[in-house]
Structure formats: structure tokens, C-alpha cells
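Asks: starting from these lines, generate the structure:
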Amino acid sequence: MIFTRTSYCIESIVILMLSVCILTEQQQQQQQQRSTSQLYHILTSLKPLRPQICQFKFENCIQDSSYADQLNTDCDIYSRLRDCFRSLLDESQCLSTQLKRQYKQAKKSEYEACGVTSAYEKTRSFCFVHKFRLRERTTDEPKSSSPQDKGYECLCIASQNLATHKPVMKVKVVTVTLYRLFTLSDNCVQILDSDNLQLIPNMKLKNISTFGISSATDQYQGGYIDMCVSTKRNRIQIYRLDKNNMNLRYEMSVQDSFTSIAMDDRGILACTEAEYFAYCPSSGTDRRSIESFISIFRLDDPNVPTCFTNISPGQYLLNGPNIGVTTSLQGTSQRAPIMFVNTPIEFIYSHPYLIALARESIHIYSYLDDQLKQEIPMKFCRTLTNMQQENIKTIIVTNKDNIYLLEPLSIEDQIDQLLNSYRLQEALTLAESNCTSIKQRRTNPLVITTKKRIAFVEFGAMNVVRALTLFDDIQIDFNEIMTQIPNFLPLNSPWPTIDENLITQYCQWLNAFCDYITKRAAEFSRQPNYYPALLKAYILTKSRETLNDFLEQHSSQIPAEYCNILLDAKCYHAAALLSSAHEKHEQTVNIWKRLVLNEYSHDETFPGVWILAKYVMEKDIDRSVAFSTAEWLLEQHEEELALKIFTSQHRTEAKTDPFCTDRVIGVIKKYSTTLTLYLEHVVFKLKIESDQIHTMLVNIYLDQVLSKSDDTNEQIRSKLQTFIITSNSYRVQSVLNRVNQSSRLRREVALLHGKMNHFDQAFQILIDELQDFEYAEDYCIALSQDKSSGDRKIVAHILFKVLLNSLNKNSEKITTVILHLLNNTEIEFDFIEVLQQLPSHWSLTSLSHILLRALRTYSYVQRSSKIELALVRVQNQQLRFQFSQLKLKNTLVNEHRQCQHCCQPFHETSCVLYQDGHRAHVHCAKRFNQNH
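Replies: Next comes the predicted model:
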């Protein structure tokens, strides 16, 4: 993992501790090779603090006489000392008091050029604190691609004389709320303003061996800070500081003076040269605590230095013999120790890494897996300091000559390196380490992005189960998954020819993709690409039946252009279904036709040719396309299917309608069975009264009767006879002429005579020639249908007279027929006339039933007439009563009233009053009734 310098310019404040005011010239920075496993990178060592007037260091000049030769006349300070530099190498040789004074004055001018305002005479006696501003050096040259080539410039912006004679041993800065600087020098803790380095009055502690500042964030927010100090008298004191005051809260005694101490809101951790101690304060307010420090870890090896760093509130990492022990203030640990490669001199924690100083290098360990991640060669390192700037923790490393900046790579770049090396779980652990809770991990953008990238890596590596779990966890949009499947996009492009070895891999990808998006259908189905994406995936992964079922349900959400993809995939029936959903009926029919004709390869999902007829009958397609489809079915000898189309699509008899009967008959006249069925449908179902159609149907029946023997044509003859009786639209005379040509059709001749109202001839044929008395009686009933009572009696009396005329031929049988006819209640007679015509020799016993029926008939007629007359009388009385009520009712008509129909005012007193109260002119009401 490579850590690189970002492009922005930083400007931060650094507090440097100097025992003398002159900084030595920095040594040449060692060039280090960039490694793909780096976490921190040495950006640069700080540039020497050069005077603003002179280009050369005075000390360098006097230490090396050859360096003095580089001075030129442009150096205003040193040019006049050129001749005596050699003699100044030995101060005893410089006998001139004036020259010595000039020597001191030159050194003083150099310090003033560096920003040091104190008098030179005091610099040898006291310690100073200087405040420098670090910022990236600006240059007109193009930006270097390597972080090592980037330099920093330092500008001294403040200085303060601490008036102590020993170096500053410890510095702490509190920049939140208080803006204070804490220094430890000559066993004295002094507090300064961090902005201008001015000493805060009445805030000074003496006899202090070390101190620690509380890291509790709630104290910063409250405007105060707690400080713990270890005195040389083996006492621990805890102070609370605000802007102006410092108050002792409590103190306690310890056995030995501490060398290092740290404090947070949970308690205090401290160490001596060989042992670690912890203290957990109680909630009491007594200044003298009765509790004491407890020993939590002891070092038996004097070569192992004691040092520790704070990991989290109440959690610390302690240095041990080649191990780092994580412990709480109670001395308990929940994790295994970190195994150090080399015993560290000092270390600090910068989440999530532990930076440790060894003898010859800097080691960087991951606190997540306790492994060494990076090693930076660097000798004689002394201190490590965290410097927070713009959300980046830069590490300041010092040795005896130089100050270095170590800047961590951003966590995003670290994750990139882990993912590139397929260390997926490490990358996810690193991303999640920035979250304080499981709930935060679900919403953290970095965690979500990392999971997404890991899911894509797993998806590409065919670990689809793991990928699906991550997809579902971060609720990724399916459009992003589509970009990871080769040849899947654009969706409206067909699948290329995929090698057989890759089909299995594609199917795993697509099945995982389908499982994910169907699981979240409620969320994704509103997106326009949802159903097209499923369709393209189903082409490779699902069976044809499943694909067809999917299209039948969702084809309306899939664009019509995807029909080409289905055709390229040889899913012909599916392509027809999609075309049908977009009302491309002709294209749909053509695809099915080509399947029937085997122009397309066999599609096992194609249901058969019947789907064409069903589609034409159910869909509102162009009538010319439907007619051509029916014709095509006839050509394919699918007469039954074609007939269904012809019969179902008939609407009008207009010549412009392709399904008018004349045009259909012209097409199917070559198919006799189909023609017969179509004509029967037209005549009996559609009730079309056309003499041409009816005559054609009669002739077809006649052809069928004449073409078959007597034993096999009874059903057809029955149909012919029924049609002759019921139809009134065929050409009777032409049919009669044809029937008379055969002696086998005498009954049909009789029926045709009856159709021409020649009832006597019809009954004579039936009675005298055929002696078919029963059929004659049934025919009489059939002729009486839908006729008035008088017409029914005429037909019945004609049959009765024909039977009477035939009594002489077969008296006994005819007598029985006549008696049966007169007793038939379906036939009406005028019994007075009948009784007058009956033979006189018939006995009353034989006529008893006839007389009884006649009596009942006349009684029924009489009663019916009386009841009808009574009903008419009652209705008349009701109408008279309503009319009288209307007359009694007053109706106001004036010029303000308007007619209901013409909306004009009334100018006469007569008007029409409707039951709802509306009024109308008499002539308007008449006109309205005539129109309606």
C-alpha cells in the first residue's frame, strides 16, 4: 500500500524545542525506493532555517576555511571579515577587541535574520521556544511526480525565552478551546498561549519530572482541561485548568517518580523505568485521594525501555520484551499481544497503525491484524509526534540532525492497494475500522464503497454466493452489476457466440444476477432497464418455457427492439410473443408462419399452427392481415382453423369488408365441406337473408342427397327438408324444378308446393302418393308456426278436406288419422264447420272427444273475451280518473314560463303538462312525440 502526498498545500503550526538558537545544516536526505507495500512515506526533511539576508551559514564559514572563499562582495555582513576568517579559527589568535565585537555582532545579525528577537548575549544562558509555520514550497517548476522531491519551507512566526537553563524535555499543545502550550524544562512546567507564545501568569509548576494532558473530548467542550503531573517528591497531582486559573483537584503519593504519564477520562497510566502503573479515580471530590496506583506490568529486562501509547479511552498499548501488550486501566486485556520484529524505543498509535521507532528503522504495524506492514530505514531516530492537519495525521520524526515528516497514505489508497493484491478481507476490515458501531458501518460511504468493490472482485472471480451477500448488504443498484458482466451491455445488442468453455461461467454470473434483482423486484421493477436486463439474462440461463412465461407476463415493459435479440438467439416463439405485445401483428404472424413452414429451426415451445387462428380471432389486428392468414391456413389444409377465422371475423356485408360473405365464399368454394359449414353459419347463426346464399345451401344439400344412397342420406334429407320449411329466402321455383327431376324427392316436392302456398297439392302428395299421414300432420303444425289464428285454421281445414277426400281409398285408416288430427291441440279448427263436413254415419261415441274439445275451446274463447272486455273497461275507468284529477289541478301559465322543448314563453292558455311538472306548447309536444 503506497502512501503518496496529495496536491493541496498544507499550512500548519509546529512547536520546536531548541536549547540553542542555531540549527545545524541538514544532511543530505536519503533517497528511498517506493514500494507497493508502503503505508507511510518520508515526504521531505525540513529545509535549513537560513537567514533572510545572508546566503551562507556563519558557522560553516568558520568551521571550514575553504568555505569562506565562496563569499563574495554581495554579502554585506561578512565581506569585511574575509581577511580574518582564518585567524578566527583560533579565537586566541584574534587579539583585536574590536574584531571580537564585530564577530559577536555578525552572529547576532544572523539570528535576527532568522526571526530571533532576543539579544544574542542571552542565548547562551536560556532556552527558547520557537513557533514555525510549515508549508509546501511553491515553485514555478512542474509538480514532481515523487513525494520525496517536494520540499517545505519554514517561517519563524514567534519566539519565547523560557528563562530556563536546560533543554525543553516535553511539549504539549491544546488547540481546542483553550489554545495553550505546555512545556517542561529544567523540572518546571510553564503554560503559554499557543497563538503568540506569551507566558500565562500564575501558571507555573516546579519540581516536575513529567506531566500528561487529559485527552477527554468533553473537557475541551466544557472550556477546561485536566493535567496530571509527577513531582520529584514522588507525588502525583491533578490540576484543572481553564483560561485563567489552575486549581489542584487531588493528589496522591507514589513510591517512585514516573518517567512518563498519560491521562484520559477513564484514568491515568504511568510508568517508571521498569514498571507500568494505572489509576482509576473515584467519583469523590476529596483533594487527597485514598486510592493509589496499581502495578499492571513489570519489565525484568533492563534493555527494554518503558513506553506506551493510548489506543482508545481506557485502552493502552505497553512496550514489553519484543511484544506490545494491550491493556485496560484495570490490567486486563481482551486481545493477543503484538509481536515486534525489534524492540521499539518509542511508538505512537495513529489509527489504525502503530508507528514504532527501532534502532535502525521505523516499523509500521497494523493494529487490525498485528502484522508488520512497512519498514522505513532511518538511523538515530529520537522522537515521534502526531501532527493533525486537515484530517490527516502527519508524523514528525526527529533525529540528532534532521526533522522529517511522515504522511500516511489516505485510507482510500490503502484500500486500493489491498484490493489490487486480492486481500479483500483486509481491505474491508480497514474500511470498517473507522466506524465506531455496527450501525455506522451500514451507512459509512467508505465501507459501502469498499464492499461494492469487493463484491465486484468476488463476482468476477466466480464467488457468486459471497458477491450476492455483499450486493444485498449494500443494496447496490443492478445497473452497476450489469457493467461487470462481459458482453451484457448494451442490453439491446444480441449475445455474441460464446465459447462452450465460458457458457458455465456466464450462467453462474447471470443466475446470480437474476437471483439478486428478482429478490429486490419491488425496488428495481420501476426502473426501465429491469425487465430488459432479465430478458437478456434469461436467454442464456433459463429454459424456453420459462422465457415464454416471463414474456407473457412482462412483455409490455420490454421494448420491441429486443425482438431481434430473441431471433438471433433462436427463440422464435418468444420473439413472436414480444412483437404481439407491441401490436406488431403482421410481424408476429409472419414469425409463426415461418415456424410452420420450417423456415426457422425447430422451436419446441411453439404450440402449433392453431395459435395463428387463436391469435387472429382474439386480437384486434388489421382485417386484411386476418383474411390473408385465413387464406394461408386454407392453403396449408387447415380448413377448420380457417373456417373459425371466417366465421368469427364477419361484421358487415359491405363490399369493402374483406370478410363479407361474397368474398369468403369466393375463397372457400373449392372446399365443399368448409363451404357447407360456412353457409350454415351464415344462414343459421348470422341470419343473413340472401336468396343467393340460401339457394346455394339448398343446392348443396340436394347434391349431397342425390350423391348418396337412400340408406345413408336420411340425416342430410332431414336437414334439407327442415331448411325448405324454415327458410323464406331461397329461389323456390328453381329448386322445385331441380327436385322434380328425381322421383326420390316427392316429399321435398310437397314441401316446396307448401312454400308456394299450394297447400292442397302439398297435402295431396303426402296423403295420396306417399301416405305419410304423420308427416302430413307435422307439416301442418310447421306451416302454422308464426301465423294468425285464421291462417292456421285455413291450413288445418285444407289438410282435413284432403283427408276426407281420401276416405274412399282407405276408410278405416283415414278415419283414424282424421280423428287423431281433430284431437291434436296444436292444430286449430273451426269445429262448427268441421262438424258439418264430417260423415253423418259416424257415431257420437267416436266423436265424443272431438265434441268435448270443441266445447272446451268455445268456452275458453267466451271467457277470454269477457275477461278482456272487463280489463279494457277497468283501464278506461282508470284513465278517466287520472284525466279528471289533471283537470282539477291548477297550472300557472304566464309569459315568464318557458316551453320544455323550444324554451319560448307561452302566449296561449293551452299547454301540455308532463308528469314531472314541466310544461310545453301543444304543437311542440306533438312534434316531440312524432320524432320519438
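Asks: for the rest of this, base every contact and every neighbour count on C-alpha atoms.
Replies: OK.
Asks: where does the stretch 651-800 of the chain have low pLDDT?
Replies: For the stretch 651-800 of the chain, the stretches flagged by pLDDT under 70 are 709-712.
Asks: all strands for it, in order.
Replies: Using DSSP state E, counting those that start in this stretch, no strands are found in the stretch 651-800 of the chain.
Asks: quick one: the helices in the stretch 101-250 of the chain?
Replies: Secondary structure of the stretch 101-250 of the chain (DSSP state H, counting those that start in this stretch): helices at 217-222.
Asks: any low-confidence regions in it?
Replies: Counting by pLDDT under 70, the stretch 101-250 of the chain contains low-confidence residues at 101-125, 137-152, 217-222.
Asks: and the nearest residue to Arg240 once chain neighbours are set aside, how far from Gln330?
Replies: Using Cα to Cα, 6 or more residues apart in numbering and skipping residues adjacent in sequence, the residue nearest Arg240 is Asp226, 4.4 Å away. As for Asp226, its distance to Gln330 is 21 Å (criterion: Cα to Cα, to the nearest Å).
Asks: more neighbours: those two, which one.
Replies: Higher neighbour count among Asp226 and Gln330: Asp226, with 23 against 16, using other Cα atoms under 10 Å.
Asks: test my guess that the more buried one contacts Gln237.
Replies: No. Using Cα atoms under 8 Å, Asp226 makes no contact with Gln237, being 10.4 Å away.
Asks: quick one: neighbours of Asp186, just the number.
Replies: Per other Cα under 10 Å, the neighbour tally for Asp186 reads 19.
Asks: number the residues from 30 up from this point.
Replies: Fine by me, first position is 30 from now on; the one you just mentioned is Asp215.
Asks: dihedrals phi and psi, it?
Replies: Here is the backbone geometry of Asp215 (degrees, to the nearest 10): phi 60, psi 40.
Asks: nearest residue to it other than its sequence neighbours?
Replies: Lys195 (5.1 Å).
Asks: what do you get for Val203?
Replies: Nearest one to Val203, counting by Cα to Cα, 6+ apart, is Arg209 at 5.1 Å.
Asks: just Ala671 next, same as before
Replies: Ala659 (4.6 Å).
Asks: what count of nearby residues applies to the one you found?
Replies: Residue neighbour count, defined by other Cα under 10 Å, stands at 25 for Ala659.
Asks: could you pull up the contacting residues of it?
Replies: Contact analysis of Ala659 by Cα atoms under 8 Å, 6 or more residues apart in numbering lists Ala642, Leu670, Ala671, Leu672, Ile674, Phe675.
Asks: tell me which element it is part of?
Replies: Per DSSP states H and E, Ala659 falls inside helix 652-664.
Asks: how is Ser391 assigned, secondary-structure-wise?
Replies: Residue 391: Ile, not Ser. Under DSSP: H, G, I helix; E, B strand; the rest coil, the three-state class of Ile391 is strand.
Asks: surely it meets Met407?
Replies: Yes. Ile391 lies in contact with Met407 (Cα under 8 Å); the separation is 6.5 Å.
Asks: ok, the two, which is more surrounded?
Replies: Applying other Cα under 10 Å to Ile391 and Met407 shows that Ile391 carries more neighbours, namely 22 against 16.
Asks: and Arg34, what pLDDT?
Replies: Listed pLDDT for Arg34 reads 30.
Asks: distance from the helix holding Ala659 to the middle of the chain?
Replies: Distance, stretch centre to chain centre, for helix 652-664: 45 Å (Cα atoms, centre = their mean, to the nearest Å).
Asks: what about dumping the CA coordinates of that helix to CSV?
Replies: Only the C-alpha atoms of helix 652-664 are listed here, as CSV (Å, rounded to 0.1, in the frame of the first residue of the first chain):
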residue,chain,number,x,y,z
ARG,A,652,-58.6,-7.3,-41.2
SER,A,653,-56.7,-7.7,-44.4
VAL,A,654,-53.9,-9.4,-42.4
ALA,A,655,-56.5,-11.6,-40.7
PHE,A,656,-58.1,-12.5,-44.1
SER,A,657,-54.7,-13.4,-45.7
THR,A,658,-53.9,-15.5,-42.6
ALA,A,659,-57.2,-17.5,-43.1
GLU,A,660,-56.4,-17.9,-46.8
TRP,A,661,-52.9,-19.2,-45.9
LEU,A,662,-54.4,-21.7,-43.4
LEU,A,663,-56.7,-23.0,-46.2
GLU,A,664,-53.6,-23.5,-48.4
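Asks: mind listing the strands for the stretch 480-629 of the chain?
Replies: Using DSSP E, counting those that start in this stretch, the stretch 480-629 of the chain contains no strands.
Asks: okay, and for it, where does confidence drop off?
Replies: Across the stretch 480-629 of the chain, nothing is flagged by pLDDT under 70.
Asks: and if we set it to 90?
Replies: Across the stretch 480-629 of the chain, residues meeting the criterion (pLDDT under 90) sit at 480-559, 562-579, 581, 583-585, 589-590, 593-594, 597-599.
Asks: who are the packing partners of the lengthiest helix in the chain?
Replies: Criterion DSSP state H: the longest helix present in the chain is helix 873-917. With contacts taken as 3 or more Cα pairs under 8 Å, 6 or more residues apart in numbering; DSSP states H and E, helix 873-917 sits against helix 840-852.
Asks: next secondary structure after the helix it packs on?
Replies: Toward the C-terminal end, the helix or strand that comes next after helix 840-852 (DSSP H and E) is helix 860-866.
Asks: quick one: buried residues of that next one?
Replies: In terms of neighbour count (16 or more other Cα atoms under 10 Å), helix 860-866 has its buried residues at Phe860.
Asks: got the CA coordinates for it in PDB?
Replies: Extracted in PDB, the C-alpha atoms of helix 860-866 (Å, rounded to 0.1, in the frame of the first residue of the first chain):
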ATOM      1  CA  PHE A 860    -115.300 -27.000 -35.100                       C
ATOM      2  CA  ILE A 861    -118.700 -25.900 -36.400                       C
ATOM      3  CA  GLU A 862    -117.500 -26.100 -39.900                       C
ATOM      4  CA  VAL A 863    -115.700 -29.400 -39.200                       C
ATOM      5  CA  LEU A 864    -118.800 -31.000 -37.700                       C
ATOM      6  CA  GLN A 865    -120.800 -30.000 -40.700                       C
ATOM      7  CA  GLN A 866    -118.300 -31.800 -43.000                       C
END
